[in-house]
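Engineer: just to be clear, the model below is a prediction. Sequence and coordinates:
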Amino acid sequence: MKRPGLPFVFLNAALTADGKIAPASRHFEPFAGPRDRQHMLELRARADAVMAGARTVDLDSVNLGPGPARFRRLRRQRGLAENNLRIIVSGAGTIDPEAEIFRHHMSPIIVITTERVSKPKLRRLQGLADEVKVVGRTEIDFTAALRWLRAKWKVKSLLCEGGGELNGALFAAGLVDEVHLTISPVIFGGRAAPTLADGLGVKKLEEAARLRLVSMSRQGADLYLIYGRNRRRKAGTSHFLSNARQVYSDRLNNMSESN
Ligand SMILES: NC(=O)c1ccc[n+]([C@@H]2O[C@H](COP(=O)([O-])OP(=O)(O)OC[C@H]3O[C@@H](n4cnc5c(N)ncnc54)[C@H](OP(=O)(O)O)[C@@H]3O)[C@@H](O)[C@H]2O)c1
């Protein structure tokens, strides 16, 4: 479904059969088959920008770039820039300045943050990223952030690569157009292990984000699923959204208590 002024948002994740995206340690080791990395790079080769949350970027060794030359060629053939833009979401600016991504200079890095970021952290991020955009007081207004990305950076297609907290916020805001899942026959278990969409989630079925299955295939032991957005649900209307707001006001309260 086209939404004027916003990019097309597609999300990609590898899940265990119990819906986890990493073990409770949050230390990521690839658990899907070798095809999954190619799949990720193929999806990146369709995106003007690739976005991830602060913990995905600083706990793992990721650069969010397009990968080997053949993917960069593919991008050019498709009329895209050789290297995708890279976007980090960090509401309080906690991203580790030593993170791997800042060592790779193939394309601009944009940090999306909020007014919760302290002045020293903001200055530090401004020294690391090509642009730091404050969008929202205590929580990121993703609709405004995506509108700005489209207008300022010409982002028409945006690939979100997690983690669970960022995915949860995008579902909550009703901004996800397409979901690509690789499901592997692995069980992590553990209630602290991150899942596809974290945050508070919904309280009732009727509040859930609804998807429709578009395709399903099997590669080795893994299932590859693509879901589209279900048009019956209106963007940003569910209690999921107010729950997400609650997460950020709780976080703000915790921060002021610990200061
Ligand atoms: N299997 C897979 O496909 C896959 C893919 C990606 C990640 N992962 C795994 O997922 C785990 C990380 O996920 P995660 O849920 O812990 O973290 P995350 O979503 O990557 O990052 C969380 C951080 O990002 C910022 N953030 C996210 N949503 C925000 C929002 N709505 N507003 C403001 N800031 C927001 C916050 O930064 P501040 O603290 O600065 O506010 C927050 O602490 C790692 O273990 C990683 O390995 C797995």
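Structural biologist: Received, thanks. Numbers count the residues shown, from 1 in each chain.
Engineer: can you tell me how far the residue lying closest to Trp153 once chain neighbours are set aside sits from Trp148?
Structural biologist: Sequence neighbours aside, Leu85 is the residue nearest to Trp153 in space, at 6.0 Å (criterion: C-beta to C-beta, 6 or more residues apart in numbering). Placement of C-beta: from N, CA and C, glycine included. Distance, Leu85 to Trp148, using C-beta to C-beta, to the nearest Å: 13 Å.
Engineer: and what of Gly189?
Structural biologist: Distance, Gly189 to Trp148, by C-beta to C-beta: 40 Å.
Engineer: centre of the chain to stretch 182-200, how far?
Structural biologist: Centroid displacement of stretch 182-200 relative to its chain, using C-alpha atoms, centre = their mean, to the nearest Å, is 15 Å.
Engineer: how about that stretch: buried residues?
Structural biologist: Using 16 or more other C-beta atoms under 10 Å as the test for burial, stretch 182-200 gives 182-184, 186, 188, 193-200.
Engineer: in helices, which of these fall?
Structural biologist: Secondary structure from DSSP state H places none of these in helices.
Engineer: between those residues, which is nearest Val176?
Structural biologist: Distance ranking of the buried residues of stretch 182-200 against Val176, using C-beta to C-beta, places Ala197 first at 9.3 Å.
Engineer: not counting residues beside it along the chain, what's closest to the residue of the stretch 151-259 of the chain found nearest the ligand?
Structural biologist: Closest to the ligand within the stretch 151-259 of the chain is Gly163: 2.0 Å, counting by C-beta to the nearest ligand atom. Nearest residue to Gly163 in three dimensions, chain neighbours excluded: Thr56, at 4.4 Å (C-beta to C-beta, 6+ apart).
Engineer: shouldn't the one you found be within a strand?
Structural biologist: No. Assessed with DSSP: H, G, I helix; E, B strand; the rest coil, Thr56 is helix; it does not lie in a strand.
Engineer: from Gly67, how far out is it?
Structural biologist: For Thr56, the distance to Gly67 equals 17 Å [C-beta to C-beta].
Engineer: returning to what we had before: for the residue of the stretch 151-259 of the chain closest to the ligand, list the residues it contacts.
Structural biologist: Residues near Gly163 by C-beta atoms under 8 Å, 6 or more residues apart in numbering: 21-22, 52-53, 55-56, 194, 198.
Engineer: could you redo the last one with a cut-off of 6 Å?
Structural biologist: Residues near Gly163 by C-beta atoms under 6 Å, 6 or more residues apart in numbering: 53, 55-56, 194.
Engineer: so which of the residues you listed is the most crowded?
Structural biologist: Thr56 (27 neighbours; other C-beta atoms under 10 Å).
Engineer: now that that residue has come up, it's in contact with Glu165, right?
Structural biologist: No. Using C-beta atoms under 6 Å, Thr56 makes no contact with Glu165, being 9.1 Å away.
Engineer: quick one: stretch 104-111 near the ligand?
Structural biologist: No. Using C-beta under 6 Å from any ligand atom, stretch 104-111 stays clear of the ligand, coming no nearer than 9.3 Å.
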